[in-house]
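**Student:** coords please:
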Amino acid sequence: MDAEFGGLTVGDVDVRQTDADAELLSIRGALSGDAETALRVLDGAGIKPDALGRDVIFDGRLTGQVDLLAPVEGAAPRGIVAIETEDLTVGITGLNEPITGLVGRAEYNLESGFRASSLSGALLGDAITLDVVADDDGVEVEASGRLATQNVSQLVGLGFSEALLSGAADWTAKIQQQSGLLQVLLQTDGVGIESQLPFPLTKSAATPGAILVELNQAGDAQQMTAQIFADTRVSARLDQRPLALSVVTPEIDLLDWAQLPGDADQDNTVSLLLNLERVRVGETSLKVDQAAVNLRPDSLEVSFAGEELAGRVQRLGEAPVAINLERLILAPASDFLAPPGDDPLVGFDPGSLPSARIQVSDLRRGEKRYQDLELVVVSGASRLDVTRLAFTRDGQRFFGELAWTGAPEGGETALVLRADGPALGGFLRVNESEPLLEAKAGQFSADLAWSGSPLAFSMLTATGQFQLQLENGRFFDLGNSAEVLRLFGILNIEALTRRLRLDFLDLVQPGVAFDRVSARGQLDSAVLTLDPELAMQGPSAGFRLTGNANLRSQTLNQTLEVDIPLTNNLPLASVLLGAPQIGGVIYLVEKALGTKIIKVGKTDYRIEGSFDDPKVRLIPPFSNKQKDEPNVDAVTDDQ
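**Tutor:** Coordinates of the predicted model:
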């Protein structure tokens, strides 16, 4: 017959004195009822472990068998209560989510505490098994199961959406709650977890990647640390909002973080403080000291401080990404005529990049320095258009546009570049620090196209045309100033008068003046053809260079024509035998080509052979020039 005791149902109760000790009562029987009521009864009897009801909370029905020895004089009983449950909910203080649907058997020893092995239940709907130990000191739970990645993210207080974290993996957990302190250890090999978070947190489901998460709570303070994929350590205060993550990792991918989507359905704001060594931008790795990332549901902000990269990246909703950098220092580019390498962005969809507005105050690539770089980038279907491209190089402002289209079989890039200003003369150089000339005015334009991404550019594969015109300038003196001035007709009275009248500085500054330098050309299949010519016209002399240069074989096939004006100072015989003006033009060509030209008084020369060792020969003044015209086919056959 069943009876009620303190809110519990008891039945088949057998109470008797023991044969061995008349002072002890043997109490046996069955009980059932609400778990919370059972704990209250045990507490009233003074036999409930402190951890039960404090560190671990039960909700649901229990059944059990009681086998106790109770002293007649009222001292504390001893014995065992065997407990069974079919649908129990267990909550652990400090843990965000309870364990539900718990099924299994447990044993409560009034002297040593509560123990349960191989219980089965669910955590956020995922099946788990667990062992539980509870006594006066606290509670310890060891669990294992296959948990959905989103559920683990929720458990540890992170708010990344399923688009970023998905899949499921086998996890083990150890939970300890003692003296008001909670510690949770979660561990997995990562197989089954798919992460679309930016590098270095990107991972496919099939790839192993060990993760160890530790949660600690004392009072209201909650601290999380995690070791992810061996190289990355994350820590955070989970009780603070906005959530602030501290990340220690060797390297991150800037473009991927800039595209990281927010989740408008979640009211989460995440700030990341990154201690790292490098930032990766495409295939380029840059040295930095620290980066900070603020990720909100509809915005992203990234800032960098470092030796090679400093600045800020911002994204607000669907607006273009704003990139403002104080400095960006890149490795030197490969040699201008180096064979093209593999395109690092082959097969990449340019339309997957976000629209952006980019400003870089100081961009350096080796010895080359670009200032005030501006780009307006518009993303489209399988294409990316730079509708505004502007930068300053050595005092000259350049403007242009760029278009990059993608396709499975390989994309294409087109570039338009324009410049107008007096600093253009400085771009004709002997080397990076020695320009050949300066001018008071200039215009430049180039239209180029090539297969592949913008990073696949090579002079050997690009096609297009260019044009340069410089006016009212002078060649820099790369040798003996007085000799150069004499060679270029300074002794011609008419030219001297003109110079004194128009620009007296030509007499007192080293170098030789010119009225105009112009060049037009075509680039196709690694052959640069002057179309029609490279020409210089000075006060007393001029020259025209026609023909082509094979950039792949680095050979020349050109004709140099020198104009010698007849003046009152120079008779025709002097012109034919080699007047001073001829010497000046020859001097310039010698400086540009690095070789000697035979200084005889003729006006036409053939230039052939390699870039490093061109062969220059005089074309006799009364010879058949047609025989000496550049052989275009001979050059292009070397491709």
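
**Student:** where does the stretch 451-600 of the chain have low pLDDT?
**Tutor:** Along the stretch 451-600 of the chain, the parts satisfying pLDDT under 70 run over 476-512, 540-541, 564-600.

**Student:** And the helices in the stretch 151-300 of the chain?
**Tutor:** With helices called from DSSP state H, counting those that start in this stretch, the stretch 151-300 of the chain shows them at 254-258.

**Student:** now swap in the chain and tell me
**Tutor:** 35-44, 149-155, 254-258, 481-487, 493-502, 505-508, 572-578, 580-593, 632-636 (DSSP state H).

**Student:** List the buried residues in the first one.
**Tutor:** So that's helix 35-44. 35, 38, 39, 40, 41, 42 (16 or more other CB atoms under 10 Å). In short, each C-beta sits where N, CA and C put it, glycine included.

**Student:** Across the sheet, point out what pairs with residue 292.
**Tutor:** residue 273, residue 303 (DSSP bridges).

**Student:** you'd agree residue 513 is up against residue 538?
**Tutor:** Yes: if you go by CB atoms under 8 Å, residue 513 and residue 538 touch, sitting 6.4 Å apart.

**Student:** Now do stretch 75-90, average pLDDT.
**Tutor:** What stretch 75-90 shows for mean pLDDT is 84.

**Student:** avg pLDDT for stretch 286-294?
**Tutor:** Mean predicted confidence for stretch 286-294 is 80.

**Student:** What's the end-to-end length of it?
**Tutor:** Start-to-end span of stretch 286-294 (CA to CA, to the nearest Å) is 21 Å.

**Student:** roughly how far apart are residue 353 and residue 406?
**Tutor:** Taking CB to CB, to the nearest Å as the measure, residue 353 falls 10 Å from residue 406.

**Student:** Just want to know which of these two has more residues nearby.
**Tutor:** Comparing residue 353 with residue 406 by other CB atoms under 10 Å, the one with more neighbours is residue 406, at 23 against 16.

**Student:** Might you report the residue contacts of the more buried one?
**Tutor:** Applying CB atoms under 8 Å, 6 or more residues apart in numbering to residue 406 gives the contacts 348, 349, 350, 351, 382, 383.

**Student:** go on, residue 29?
**Tutor:** Here residue 29 is in contact with 10, 11, 12, 13, 14, 65, 66 (CB under 8 Å, 6+ apart).

**Student:** I figured the last one was touching residue 107, is that so?
**Tutor:** No: with contacts defined as CB under 8 Å, residue 66 does not count as touching residue 107, sitting 11.7 Å away.

**Student:** shared neighbours of those two, which are they?
**Tutor:** If you check residue 66 and residue 107 against CB under 8 Å, 6+ apart, the residues they both contact are residue 81.

**Student:** the more surrounded of those two?
**Tutor:** Using other CB under 10 Å as the criterion, residue 66 and residue 107 rank with residue 66 on top: 20 against 15.

**Student:** got a list of what that one touches?
**Tutor:** Counting by CB under 8 Å, 6+ apart, residue 66 touches 27, 28, 29, 30, 31, 79, 81.

**Student:** Just flag the most distant two among those residues.
**Tutor:** Taking CB to CB as the measure, the contacts of residue 66 span a maximum distance of 14.5 Å, between 30 and 79.

**Student:** quick one on the thing from earlier: buried only: go through the contacts of residue 66 for me.
**Tutor:** Buried among those by 16+ other CB under 10 Å: 27, 29, 31, 79, 81.

**Student:** since we're on the spatially closest residue to residue 538 that is not a sequence neighbour, how many residues are nearby?
**Tutor:** Excluding the flanking residues, the one nearest residue 538 by CB to CB, 6 or more residues apart in numbering is residue 514, at 4.3 Å. When neighbours are defined as other CB under 10 Å, residue 514 has 23 of them.

**Student:** Residue 423 versus residue 514, what's the distance?
**Tutor:** Taking CB to CB, one finds residue 514 at 16 Å from residue 423.

**Student:** got it, and residue 435?
**Tutor:** Taken as CB to CB, the span from residue 435 to residue 423 is 10 Å.

**Student:** So what sits opposite the nearest residue to residue 464 once chain neighbours are set aside in the bridge?
**Tutor:** The shortest distance from residue 464 to any non-neighbouring residue, by CB to CB, 6+ apart, is to residue 448 (3.7 Å). Beta bridges link residue 448 to residue 415, residue 464, judged by DSSP bridges.

**Student:** surely residue 448 meets residue 458?
**Tutor:** No: the criterion here is CB under 8 Å, and residue 448 misses it with residue 458 at 10.6 Å.

**Student:** which one of the buried residues of helix 35-44 sits closest to residue 116?
**Tutor:** Distance to residue 116, by CB to CB, is smallest for residue 35 among the buried residues of helix 35-44, at 12.9 Å.

**Student:** what sits against that closest one?
**Tutor:** Shown in contact with residue 35 (CB under 8 Å, 6+ apart): 58, 59, 60, 61, 62, 85, 88.

**Student:** How many residues are close by the fourth one?
**Tutor:** For residue 61, the tally of surrounding residues (other CB under 10 Å) stands at 16.

**Student:** what's the burial count for the spatially closest residue to it that is not a sequence neighbour?
**Tutor:** Leaving aside its chain neighbours, residue 61 sits nearest to residue 34 (6.2 Å; criterion: CB to CB, 6+ apart). When neighbours are counted by other CB under 10 Å, residue 34 registers 15.

**Student:** gap between residue 34 and residue 58?
**Tutor:** 9 Å.

**Student:** Kindly report the same for residue 376.
**Tutor:** 63 Å.

**Student:** Tell me which of the two has more neighbours.
**Tutor:** Shown here are residue 376 and residue 58; by other CB under 10 Å, residue 58 has more neighbours (20 against 16).

**Student:** The more buried one pairs with what?
**Tutor:** Listed beta-bridge partners, residue 58: residue 90 (assigned using DSSP bridges).

**Student:** Could you measure from it over to residue 92?
**Tutor:** On the measure of CB to CB, residue 58 and residue 92 end up 11 Å apart.

**Student:** Equivalent analysis for residue 201, please.
**Tutor:** The spacing between residue 201 and residue 92, counted by CB to CB, is 28 Å.

**Student:** what's the answer for residue 225, then?
**Tutor:** In terms of CB to CB, residue 225 sits 19 Å off from residue 92.

**Student:** more crowded one of the two?
**Tutor:** residue 92 (20 against 14).

**Student:** Wait, the residue nearest to residue 61 touches residue 40, no?
**Tutor:** No: using CB under 8 Å, residue 34 is not in contact with residue 40, being 9.1 Å away.

**Student:** what residues do the two have in common as contacts?
**Tutor:** Joint contacts of residue 34 and residue 40 (CB under 8 Å, 6+ apart) are residue 7.

**Student:** Give me the residues contacting stretch 123-143.
**Tutor:** By CB under 8 Å, 6+ apart, stretch 123-143 touches 49-52, 55-56, 90, 92, 97, 99-100, 106, 112-122, 144-148, 151, 154-155, 168, 172-179.

**Student:** Noted, bye for now.
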